[in-house]
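A.B. asks: give me a model of this one.
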Amino acid sequence: MLIKSVRGFTPKYGKSCFIAENATLIGKVNMGEDCSVWFHAVLRGDVNSIIIGDRVNIQDGAVIHGTFEKSSTTIGNDVSIGHNAIVHGCTIEDKVLVGMGSVIMDDCVVGSNSIIAAGSVLPKNTFVPKGTVFAGVPAKKIKEVGLELQKGEIERIAANYIHYASWFK
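C.D. replies: Okay, here's the model as predicted:
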C-alpha cells in the first residue's frame, strides 16, 4: 500500500482495516474500523478531506477525491463503493450501495439505505432521498428500496466485504 503525507496530513485508519498492497491513501484521509480498500483503489485527500465511517468497503479501482477549498467527501457507515466507481466531493450517508462504475459528483448527497445503480452518473448537487434507487445518466429515481433490497443487497454486500477482507489479514 502507498500511504503518503501531503500538506502536513497523513492518512489515518483503524487497526482492523484491510488495505490492499497497491491501494493508495494520500493526505487528509480518516477512516474508521473494519473498512477495506481494495486493489488499485485511490483515496486522494490532497485537496480536501475524506472522512469515512466504519465497515466501509472501497472496491478495486475506485477513486475517492474532492475539490480544492470547495467540496470534501464524507462517507458514512456500512457503505459499499463498487469497482471503478468515482466518489468526488460529496456526502454518502449510512448503508448505501454505490454500484460499479458509478460517478457521484461534487455536492451530491446520497441518503441512507439507498442504492446507486451500476454505471449511473449523479451530476453536481443531486439529492438522493433516503431509501431510494437511482439509475441512469443522469441518474434519476427509479424506485424505493424495499426490505428485500436493503437486506439482500445493501447489508449483505457490506457484511460480505468484512468477511472477504478477513482472508487477507
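A.B. asks: tell me what the longest strand anywhere in the chain is packed against?
C.D. replies: With DSSP state E applied, the strand covering the greatest number of residues in the chain is identified as strand 42-52. In this structure, strand 42-52 makes packing contacts with strand 24-31, strand 63-65, strand 73-75, judged by 3 or more C-beta pairs under 8 Å, 6 or more residues apart in numbering; DSSP states H and E. All C-beta atoms are positioned from the backbone trio N, CA, C, and that covers glycine.
A.B. asks: what comes into contact with the second one?
C.D. replies: It stands for strand 63-65. 41-44, 47-48, 50, 52, 58, 73, 75, 81, 85-89 (C-beta atoms under 8 Å, 6 or more residues apart in numbering).
A.B. asks: mean confidence score for whichever helix or strand comes after the longest strand of the chain?
C.D. replies: Toward the C-terminal end, the helix or strand that comes next after strand 42-52 (DSSP states H and E) is strand 57-58. In this model, strand 57-58 has a mean pLDDT of 98.
A.B. asks: do stretch 34-50 as well
C.D. replies: Rounded to a whole number, the mean pLDDT of stretch 34-50 is 98.
A.B. asks: which residue ranges form the helices in this protein?
C.D. replies: Along the chain, counting by DSSP state H, helices occupy 147-149, 156-166.
A.B. asks: would you turn these into a markdown table with mean neighbour count and distance to residue 136?
C.D. replies: Listed next are the helices of the chain as a markdown table, based on neighbours: other C-beta atoms under 10 Å; distance: least, C-beta to C-beta, whole Å:
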| stretch | mean neighbour count | distance to residue 136 |
| --- | --- | --- |
| helix 147-149 | 11 | 17 |
| helix 156-166 | 16 | 21 |
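A.B. asks: which stretch among these comes nearest residue 105?
C.D. replies: helix 156-166 (22.9 Å; C-beta to C-beta).
A.B. asks: what's that closest one packed up against?
C.D. replies: The helices and strands touching helix 156-166, judged by 3+ C-beta pairs under 8 Å, 6+ apart, are strand 36-37, strand 57-58, strand 80-81.
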